[in-house]
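Q: What shape does this take:
(chains A and B)
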Amino acid sequence: EAQVTQNPRYLITVTGKKLTVTCSQNMNHEYMSWYRQDPGLGLRQIYYSMNVEVTDKGDVPEGYKVSRKEKRNFPLILESPSPNQTSLYFCASSYSSGRSYEQYFGPGTRLTVT
Amino acid sequence: GENVEQHPSTLSVQEGDSAVIKCTYSDSASNYFPWYKQELGKGPQLIIDIRSNVGEKKDQRIAVTLNKTAKHFSLHITETQPEDSAVYFCAASGGLYNFNKFYFGSGTKLNVKP
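A: The predicted model follows:
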C-alpha cells in the first residue's frame, strides 16, 4: 500500500529536550515536505526537499532542522523545542515537476511542548 | 512570498445543495492550485487541482475555476452529501521566487446537514 508514515503520532515533551519526528514514504517520490497546522492558520510549510541531499526552507523554518540522506526518509528535528512549537505536524511527499504534483500526506504528529 | 486567503472559514449547507469556497492569491506567477480535503484525525487528501493554463476543471460533483486576471480560484461542490463534511484547504505554488513552495489557505469547515 502506497503511504506516508510518521512516528511518533503523539508526543509530549519539555522545553529544550531535543526530539526527532520521522517520516518515510514508499512511493519513490522525489519531493518531500514538512508542514505544521495551527487553528486559523491552515498549513504552513516548514522545510521541503527536492531530492536526496537537497533541502530548502519553507515559510516557517525557524527552530527546525531537516535532513535527506535517503530518498524515502525525511526526518524533522527540533533541537531545542519551545512551547510555540506545540502544533500538529504533517509530512508529505510527491513527484517533482514534470509529473503529478499531488502531495500524499502522512497521518500527522501531535506535538505538545511544556 | 505568496499570500493565500480563503473564505468562508465555515460553511453550512443542506444535503443536496451546492457549496462554493473561494481563495485569492497574491503572486501572479503562481501556476498550480490544488484543493485538499481533511477529514477529522487524518492528513489532507487531494481532491482536485488546476494549472494556470486552464480556466476550469471538473471531476464528477467537484469543479474548480481559476481567474488569473483577478488572482482567485474557487471550489464548487454540487449535490452535497453528508460525507462531504470536512475541512477544505486551497493552496498555491509555482510562484516566481517560491517555485517549489506551497502556500495554503486557512481552511473552510464544511458542514452538510442531512
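Q: Around residue 18, how many other residues sit close by?
A: Because you didn't say which chain, this covers chain A. Neighbour count for A:Lys18, taken as other CB atoms under 10 Å in any protein chain shown: 10. For glycine as for every other residue, the C-beta is placed from the backbone atoms N, C-alpha and C.
Q: Let me rephrase: I mean chain B.
A: So B:Ser18, with other CB under 10 Å, has 11 neighbours.
Q: Give me the phi and psi angles of it.
A: phi -100, psi 150 (degrees, to the nearest 10).
Q: Give me the number of neighbouring residues for residue 39.
A: Since no chain was named, I'll use chain A. Neighbours around A:Pro39, by other CB under 10 Å: 9.
Q: hmm, I had chain B in mind actually
A: By other CB under 10 Å, neighbour count at B:Glu39 equals 12.
Q: List the contacts of it.
A: B:Gln45, B:Ala86 (CB atoms under 8 Å, 6 or more residues apart in numbering or on different chains).
Q: How about A:Gly42?
A: Taking CB under 8 Å, 6+ apart, one finds B:Val4, B:Gln6, B:Phe89, B:Phe104, B:Gly105, B:Ser106, B:Gly107 in contact with A:Gly42.
Q: Taking chain A, what residue is nearest to chain B?
A: A:Phe105 (3.2 Å; CB to the nearest CB).
Q: related to what we said a few turns ago, would you check which of the contacts of A:Gly42 are in contact with chain A?
A: Of the residues in the contacts of A:Gly42, proximity to chain A by CB under 8 Å from any CB of the partner chain holds for B:Val4, B:Gln6, B:Phe89, B:Phe104, B:Gly105, B:Ser106, B:Gly107.
Q: Looking at those, which are in strands?
A: B:Val4, B:Gln6, B:Phe89, B:Phe104 (DSSP state E).
Q: would you list those in CSV and tack on pLDDT and distance to B:Ser26?
A: Compiled in CSV, those are given as follows (pLDDT from 0 to 100; distance: CB to CB, whole Å):
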residue, pLDDT, distance to B:Ser26
B:Val4, 96, 8
B:Gln6, 98, 13
B:Phe89, 98, 17
B:Phe104, 96, 14
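Q: Nearest to A:Arg36 among those residues?
A: B:Phe104 (10.8 Å; CB to CB).
Q: What distance do you get for the closest one to B:Gly16?
A: 29 Å (CB to CB, to the nearest Å).
Q: So between these two, which is more surrounded?
A: Legend: neighbour count by other CB under 10 Å for B:Phe104 and B:Gly16, higher for B:Phe104 (25 against 11).
Q: Thought B:Phe89 was touching the more buried one, still the case?
A: Yes. Between B:Phe104 and B:Phe89 there is a contact under CB atoms under 8 Å: 5.1 Å.
Q: How about the residues of chain B by chain A?
A: Counting by CB under 8 Å from any CB, chain B sits next to chain A at B:1, B:4, B:6, B:9, B:32, B:34, B:36, B:41-46, B:49, B:89, B:91, B:93, B:100-107.
Q: Against which helices or strands is the helix or strand containing A:Ser33 packed?
A: In the assignment (DSSP states H and E), A:Ser33 maps to strand A:31-38. Packing partners of strand A:31-38 (3 or more CB pairs under 8 Å, 6 or more residues apart in numbering or on different chains; DSSP states H and E): strand A:19-25, strand A:42-51, strand A:87-94.
Q: Thanks a lot, catch you later.
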